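S.K.: just coords:
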Ligand code: F6P
């Protein structure tokens, strides 16, 4: 069998570890594994390389993706879909493994409709924005990177008794802010899943946090606000408002802004990400070889959803179902999102104590 594998969308630490397993497993079972460069863009162009175990040796530890990635604008269009199907036929691909996030899996599902070949997806996105996978590849590393950055910022913040608003990636999903905020002892965490907030609403909440941190006889030396990128009010506007409040009520305290941006996406994968990537990669490769199509393998999927894979942490779910759950995860209506929000609401007042 000829199997293609590609990484698509925002790269995520651990993608290489997943690629490695697909290449090794496929080759070990006598199949040819083609690495498709630059995601769907490379598929459209037929830009491929045969992956051998020797070529992928040692790549599990590396960040980014050895195949490169892209956000293809043409691929989802009818012309792009026709071109992709023609290329699959031309290359003789019988199976395709797509490693990527929400957008990439949506693309995989679309392409899979006429079954040009078997297609299996693996969730990989630092945002953790894929339904029916409690962790996507890259999330653990990104959380650790944010926590380390916040620890460093906290050192300098305490030296000057300052407030910081730290913006972290997560275009539509606040998971990184939630998880890393708790670990970094943030005083407040802002995320979009509980509905859009205006600048006035955010200011009202955050001035209360600043009063608790720096007012009265509080001995706190730092106020850390972790904000998800997906919160629509610009970080600089929040910082400007908080600074005006501080100047009026708590003079001498400064508020600064740090946008971590792509720093959060780079770096070598953590051991946990390598492990998740290799187990998801193995399950995806094995499922594809067994004949599975239009499914995704997920990490810690509820036992009521999808099918067993033989790995107790990994289940196989139809991509369409995972995408439906993704919508609910992002608009806050999924039980998973509700549980996260409820927990944070419960401890909101305690965070800034
Ligand atoms: O990979 C997901 C993500 O990191 C989002 O959190 C972020 O908004 C986006 O990618 C940035 O993408 P790009 O690098 O294409 O600008």
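M.R.: Alright, I've got the coordinates. On a predicted model such as this, the values are computed, not experimentally measured, just so you know.
S.K.: what residues does the stretch 1-150 of the chain put near the ligand?
M.R.: Residues of the stretch 1-150 of the chain lying close to the ligand (CB under 6 Å from any ligand atom) are 10, 71, 125-127. C-beta here means a position set from N, CA and C on the backbone, and glycine is covered the same way.
S.K.: For the ligand, give me its nearest residue in the stretch 251-353 of the chain.
M.R.: residue 265 (5.2 Å; CB to the nearest ligand atom).
S.K.: For stretch 92-110, measure first residue to last.
M.R.: For stretch 92-110, the first-to-last residue distance is 20 Å (CA to CA, to the nearest Å).
S.K.: gap between that stretch and the chain center?
M.R.: For stretch 92-110, the gap between its own C-alpha mean and the chain's C-alpha mean amounts to 16 Å (CA atoms, centre = their mean, to the nearest Å).
S.K.: what pLDDT, on average, does that stretch get?
M.R.: In this model, stretch 92-110 has an average pLDDT of 98.
S.K.: For that stretch, could you pull out the residues that count as buried?
M.R.: 93-110 (16 or more other CB atoms under 10 Å).
S.K.: Now do the contacts for residue 215.
M.R.: 249-250 (CB atoms under 8 Å, 6 or more residues apart in numbering).
S.K.: and it, how far is that from the ligand?
M.R.: 34 Å (CB to the nearest ligand atom, to the nearest Å).
S.K.: Model confidence score at that residue, please.
M.R.: Residue 215 is assigned 96 on the pLDDT scale.
S.K.: what does residue 52 give?
M.R.: pLDDT, read off for residue 52, is 96.
S.K.: okay, now the spatially closest residue to it that is not a sequence neighbour: neighbour count?
M.R.: Once flanking residues are discounted, residue 52 sits nearest to residue 27: 6.4 Å by CB to CB, 6 or more residues apart in numbering. Per other CB atoms under 10 Å, the neighbour tally for residue 27 reads 18.
S.K.: before we move on, the earlier item: which pair in the residues of the stretch 1-150 of the chain next to the ligand spans the largest distance?
M.R.: Using CB to CB, those span at most 14.6 Å, a distance reached by 71 and 126.
S.K.: ok, these two, which is more surrounded?
M.R.: More neighbours surround residue 126 than the other of residue 71 and residue 126, with 31 against 15 (other CB under 10 Å).
S.K.: and that one, that one's in a strand?
M.R.: No. Membership of residue 126 in a strand is not supported by DSSP: H, G, I helix; E, B strand; the rest coil, which gives coil.
S.K.: my read: it touches residue 264, true?
M.R.: Yes. Contact status for residue 126 versus residue 264: in contact at 6.4 Å, counting by CB atoms under 8 Å.
S.K.: anything in contact with each of those two?
M.R.: Residues touching both residue 126 and residue 264 by CB under 8 Å, 6+ apart: 142, 169, 176.
S.K.: neighbour-wise, which of these leads?
M.R.: Going by other CB under 10 Å, residue 142 tops those with 32 neighbours.
S.K.: my read: that one touches residue 262, true?
M.R.: No. Using CB under 8 Å as the test, residue 142 is too far from residue 262 to be in contact (10.7 Å).
S.K.: Next, show the common contact partners of the two.
M.R.: Residues touching both residue 142 and residue 262 by CB under 8 Å, 6+ apart: residue 169.
S.K.: what ranges do the helices span in the stretch 201-350 of the chain?
M.R.: 235-249, 271-290, 319-331, 335-351 (DSSP state H, counting those that start in this stretch).
S.K.: The third one close to the ligand?
M.R.: So the one you mean is helix 319-331. No. Helix 319-331 stays clear of the ligand (CB under 6 Å from any ligand atom), getting no nearer than 12.2 Å.
S.K.: what packs against that helix?
M.R.: helix 102-111, strand 118-123, strand 295-299, helix 335-351 (3 or more CB pairs under 8 Å, 6 or more residues apart in numbering; DSSP states H and E).
S.K.: Can you give the contact residues for the second one?
M.R.: Think strand 118-123. So strand 118-123 is in contact with 18, 94-101, 104-105, 108-109, 111-112, 130, 133, 136-137, 277, 280-281, 284-285, 287-288, 291-299, 319, 322, going by CB under 8 Å, 6+ apart.
S.K.: For the ligand, give me its nearest residue in the protein.
M.R.: Closest point on the chain to the ligand, by CB to the nearest ligand atom, is residue 10, at 2.1 Å.
S.K.: Tell me the secondary structure at that residue.
M.R.: coil.
S.K.: Now for it, how many residues are close by?
M.R.: Neighbour tally, residue 10, other CB under 10 Å: 22.
S.K.: Next up, phi/psi of it, please.
M.R.: Per-residue torsions, residue 10: phi -60, psi 130 (degrees, to the nearest 10).
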